[in-house]
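>>> Need the 3D shape of this:
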Amino acid sequence: MYGSKVGTLNVAKVASPFSQLRWTTTGGKGYEWYHAQVNLQSLTSNPTQFNILIEGTWSANNRGSIAIDDITFLNGTCQTLPNQCDFDSDNSIC
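Predicted coordinates:
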């Protein structure tokens, strides 16, 4: 999400007749890629039938970009995000 007036990126789980926003972020994040994980726990008694809605929104005067890449679906609970080291500011090893 890059730009001065970037909108919102939403991830929702849709299992008719239910829809549930599972993750959202708003605004510019700089010219970098970020890692995110979204837990899609069951919304219905039949958790095998659902859709995932990935939605980017913006206003009429939008000046920015929203991009997603490398989507993976795994069965099970999300693991903790990997440590993000900054070796330039910290001498320790993650």
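>>> contacts, neighbours, all on C-alpha from now
Will do.
>>> for the chain, which spans come out with low pLDDT?
42-48, 62, 78-94 (pLDDT under 70).
>>> What degree of burial does the closest residue to Val11 other than its chain neighbours show, as a neighbour count?
Nearest residue to Val11 in three dimensions, chain neighbours excluded: Ile54, at 4.7 Å (C-alpha to C-alpha, 6 or more residues apart in numbering). If you count neighbours by other C-alpha atoms under 10 Å, Ile54 ends up with 14.
>>> contacting residues for Ile54?
9-12 (C-alpha atoms under 8 Å, 6 or more residues apart in numbering).
>>> measure the most centrally placed residue in the chain to Asn10 for me?
Centroid-nearest residue in the chain: Ala36, 5.0 Å away (criterion: C-alpha atoms, centre = their mean). Going from Ala36 to Asn10 by C-alpha to C-alpha, to the nearest Å gives 12 Å.
>>> And for Ala60?
On the measure of C-alpha to C-alpha, Ala60 and Asn10 end up 18 Å apart.
>>> got it, and Glu32?
Counting by C-alpha to C-alpha, the gap from Glu32 to Asn10 is 18 Å.
>>> more neighbours, those two?
Asn10 (15 against 7).
>>> Quickly list what the more buried one is bridged to.
Thr24, Glu55 (DSSP bridges).
>>> which ones are touching it?
So Asn10 contacts 21-25, 53-56 (C-alpha under 8 Å, 6+ apart).
>>> ditto for Ser59
Gly7.
>>> The one 4 residues further on now?
Contacts of Arg63 were listed using C-alpha under 8 Å, 6+ apart, and they are 3-6.
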